[in-house]
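Student: okay, structure incoming, though there's no sequence with it:
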């Protein structure tokens, strides 16, 4: 009887293993990394625009630097794309007419925190005609959470505030840097 039990045990083991019903050891797996996500930009961002202004023909600086206050509010974001409004203002008679502007901003932020923004209308300082550039800014979110983007523009611009059509004009290049913090 003992030998028949042993034979039955061996036969049962062979049947189970040949039918795939045997248990195999479970191999532990490491969790797959989750895809990197873009940082949220939703909210109000405030800061300033600093700019160097030079004459196109000579590269010589003009008698003013651009210094504008900025307030951007991003109201929606889906993945990497976001959109909102922008408002720029000056801090006195010389900068008000160059800075005051409202409009829209939309763009893309990568998981690596690189930014591309499109401004509508383009940010070209007031008092300028024959404008070009000022629409696409590029930059990044820095480790401290601030946003820094750069933008260039060119225009035929009045050099003196309040002189109207009598103001001397020149073609100017604006190299601008926007530094913003979430509020």
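Tutor: Looks like it arrived, so ask away. Here the structure is a predicted model, which means the values were calculated and not measured.

Student: tell me the bridge partners for the residue nearest the centre of the chain.
Tutor: Geometric centre of the chain, nearest residue: residue 115, 2.7 Å, by Cα atoms, centre = their mean. Applying DSSP bridges to residue 115 gives these bridge partners: residue 109, residue 139.

Student: same question, the one 4 residues further on
Tutor: Partner residues in beta bridges with residue 119: residue 105, with DSSP bridges as the criterion.

Student: partners of the helix or strand hosting residue 132, with directions?
Tutor: Residue 132 belongs to strand 128-133 when assigned by DSSP states H and E. According to DSSP bridges, strand 128-133 has the following sheet partners: strand 147-158 (antiparallel).

Student: for the following helix or strand past the strand it pairs with, packing partners?
Tutor: Sequence-wise, the next helix or strand downstream of strand 147-158 (DSSP H and E) is strand 169-182. Where contact means 3 or more Cβ pairs under 8 Å, 6 or more residues apart in numbering; DSSP states H and E, strand 169-182 is packed against strand 43-55, strand 66-78, strand 147-158. All C-beta atoms are positioned from the backbone trio N, CA, C, and that covers glycine.

Student: please convert those strands to JSON lines, extending it with mean pLDDT, distance to residue 181 and mean neighbour count.
Tutor: Shown next, in JSON lines, are those (pLDDT from 0 to 100; distance: least, Cβ to Cβ, whole Å; neighbours: other Cβ atoms under 10 Å):
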{"stretch": "strand 43-55", "mean pLDDT": "93", "distance to residue 181": "6", "mean neighbour count": "17"}
{"stretch": "strand 66-78", "mean pLDDT": "94", "distance to residue 181": "10", "mean neighbour count": "17"}
{"stretch": "strand 147-158", "mean pLDDT": "93", "distance to residue 181": "8", "mean neighbour count": "20"}
